[in-house]
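Student: Take a look and give me a structure for this.
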Amino acid sequence: MTPNRRELLAAERGTLYKEAETRVALVYPSPYRAAMSSLGYQQIYRTLHGTPGVAADRAMLDVPRTLEEDRPIGSYPIIAYSVAYELEIAGLVETLERANVPVLARDRDARHPIIVAGGPLTFSNPAPLAPFCDAIVMGEGEELIVELVALAREAGYVRSAFIDALAGRPGYFVPSLHGETVPPVAAVADELLPARSVIATPNTELADMFMTEAARGCSRGCTYCVMRRSTNGGMRIVPRAAIIGGIPAGTRRVGLVGAAVTDHPDIAAIVRDVVDGDREVGISSLRADKLTDELVGLLARGGYRTLTVAGDGASERMRRVIERSTRADHLLASARFAAAHRLHALKVYMMLGVPGETDADVDELVALSRDLAAIHPRIAYGLAPFVAKRNTPLDGTPFAGIDVVEDRLDRLRRGIAAAGLAARVEVRPTSARWAWVEYMLAQGESSAGLAAMDAHRAGGNFAAYKRAFAARGVVPTGPRARVPSSREIIELRRRSVRPA
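Tutor: Here you go, the predicted structure:
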């Protein structure tokens, strides 16, 4: 059901309105609730409104006309997409179709808007976006989006002149110029940090929460992650005073955002500052090896009911393989902290199907479940199949297989049931089938994007994607095509792959 535009706007606080010569349709190809939970999307909205002569009007997958102006997105000279992950490509296709804009860049002429994209997907593999976009902003976009809009204005929104103006400029992937060769991601000046949300609304996953960056990037080296230490200079810390000083008066809920927020050297003091102001707090990522009794106590004071941490590898061995510093004793300590502060549950994110994984690793997770359940009465596993991403040391490693992932999930469930833990340990898996679709897109080239378009038009179900990948001849094209040996896994851990 499409949300009511007037009701959405009436519930928002902080919506920006501005008369401007140039208006950009800023589109998020997922529903409103997800869009307004995205700090990056809100940051670009803020940036464009802060640019002289420019304003941004928002639209989403379920909000086809812009919120601020109530106009179809096809009537704007520039449509800018923020794309977080691979499965949102179908949303980009759908919004263009509904706007009566040709989906493929090659089919557009002077009557049609310039189509650009950016967002978290560009840190991994934006190649599947290439058939649909005139230009793609790579990496951190606060500076580049301002330059891009200025160049489009100077070109009179003439596509050919705009593309000519981008030639040779760093930070942009221009498919008609670069082909399948994706350039490196860009980083903004540290002075532009932190990103802060603009709009608060109850109609979102993070209801009425003010989001602010605590850090950008990550200092760790997890081999599956695109935000590992080698990306854009590693972890860039936002000072405590800047974080707290940027919280607007009257804010009741504060979200601290980043890839590794609990690695901030002042994290306990920052959380204390927030909760001492009689505010609730949320943190986007809790590292089990950084939790302390003091920090979890502060989180409980700040409204936490569930303590959520990530283990990722099913066993100690697999966590070493993926260079994850979390150990079993860290997870057990997390359970003790959650119990001591009377939190309702401990949730642990795990991956299955990591290269080199065996049934014995799943059995070790069952054993860990016994120990966790002996400490806290409610344990929940968020289980996701491993998907290899571009520009990581595990780039190109194959998908374990839908049957393999489902078999290991069944083995975990049977082990938990046999141990008498079914009432205390909950298993919440994501779909192995859709993880495979994500994998094919993550490891694909522009043909994978065309397959996503075909699949969307054929109904968007799993069978449609499977047929479309086959018809387009999509095959994973990363540097590796098999499970690495033990020696190769050690070497993968040492590597730091930069974008080509």
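Student: Tell me if I'm right that L104 and P131 touch.
Tutor: Yes: with contact defined as Cβ atoms under 8 Å, L104 counts as touching P131 (5.5 Å). No exception for glycine: its C-beta is placed from N, CA and C like everyone else's.
Student: Point out where the protein drops to low pLDDT.
Tutor: For the chain, applying pLDDT under 70 flags the ranges 478-500.
Student: Just want the most central residue of it.
Tutor: Nearest to the geometric centre of the chain sits A84, at 4.9 Å (Cα atoms, centre = their mean).
Student: mind listing what it touches?
Tutor: Going by Cβ atoms under 8 Å, 6 or more residues apart in numbering, A84 touches S30, A34, S38, G40, G119, P120, L121.
Student: shared neighbours, L104 and P131?
Tutor: Both L104 and P131 are in contact with M453, where contact means Cβ under 8 Å, 6+ apart.
Student: between these two, which one's more packed in?
Tutor: Set L104 next to P131 and count neighbours by other Cβ atoms under 10 Å: P131 wins out with 21 against 13.
Student: Flag every buried residue along stretch 18-27.
Tutor: For stretch 18-27, a neighbour-count test (16 or more other Cβ atoms under 10 Å) marks T22, R23, V24, A25, L26, V27 as buried.
Student: Kindly reformat those as JSON lines containing secondary structure and distance to D273.
Tutor: Listed next are the buried residues of stretch 18-27 as JSON lines, based on DSSP: H, G, I helix; E, B strand; the rest coil; distance: Cβ to Cβ, whole Å:
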{"residue": "T22", "secondary structure": "strand", "distance to D273": "39"}
{"residue": "R23", "secondary structure": "strand", "distance to D273": "38"}
{"residue": "V24", "secondary structure": "strand", "distance to D273": "36"}
{"residue": "A25", "secondary structure": "strand", "distance to D273": "38"}
{"residue": "L26", "secondary structure": "strand", "distance to D273": "32"}
{"residue": "V27", "secondary structure": "strand", "distance to D273": "36"}
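Student: Columns distance to V158 on top of those, output as TSV?
Tutor: Formatted as TSV, the buried residues of stretch 18-27 follow (distance: Cβ to Cβ, whole Å):
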residue	distance to V158
T22	14
R23	18
V24	17
A25	18
L26	22
V27	22
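Student: For these, work out which two are farthest apart.
Tutor: The distance between the two most remote of the buried residues of stretch 18-27 (Cβ to Cβ) is 16.0 Å, for T22 and V27.
Student: Would you mind giving the domain segments of the protein?
Tutor: 5-178, 209-443+478-494 (automatic domain parsing).
Student: which stretches of the stretch 351-500 of the chain form strands?
Tutor: 379-385, 425-429 (DSSP state E, counting those that start in this stretch).
Student: Relative to the shortest one, what are the paired strands and their orientations?
Tutor: Each strand that strand 425-429 pairs with, and the sense of that pairing, follows from DSSP bridges: strand 379-385 (parallel).
Student: could you pull out the helices for the stretch 1-150 of the chain?
Tutor: 5-11, 32-35, 39-49, 89-98, 144-154 (DSSP state H, counting those that start in this stretch).
Student: The stretch 401-500 of the chain too?
Tutor: For the stretch 401-500 of the chain, the helices defined by DSSP H, counting those that start in this stretch occupy 402-418, 432-442, 446-457, 462-471, 486-494.
Student: Go through the ones you listed and name the closest to R111.
Tutor: helix 446-457 (21.0 Å).
Student: Now do the closest one against helix 432-442, angle only.
Tutor: Going by axes from the mean of the first three to the mean of the last three Cα atoms, to 10 degrees, helix 446-457 is angled at 140 degrees with respect to helix 432-442.
Student: List the buried residues of helix 446-457.
Tutor: S446, S447, A448, G449, L450, A451, A452, M453, D454, A455, H456.
Student: Next, find the distance separating the third one from G302.
Tutor: Distance from A448 to G302, counting by Cβ to Cβ, to the nearest Å: 42 Å.
Student: quick one on the thing from earlier: format the strands of the stretch 351-500 of the chain as CSV; extra columns: distance to E69 and mean neighbour count.
Tutor: Formatted as CSV, the strands of the stretch 351-500 of the chain follow (distance: least, Cβ to Cβ, whole Å; neighbours: other Cβ atoms under 10 Å):
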stretch, distance to E69, mean neighbour count
strand 379-385, 38, 22
strand 425-429, 40, 17
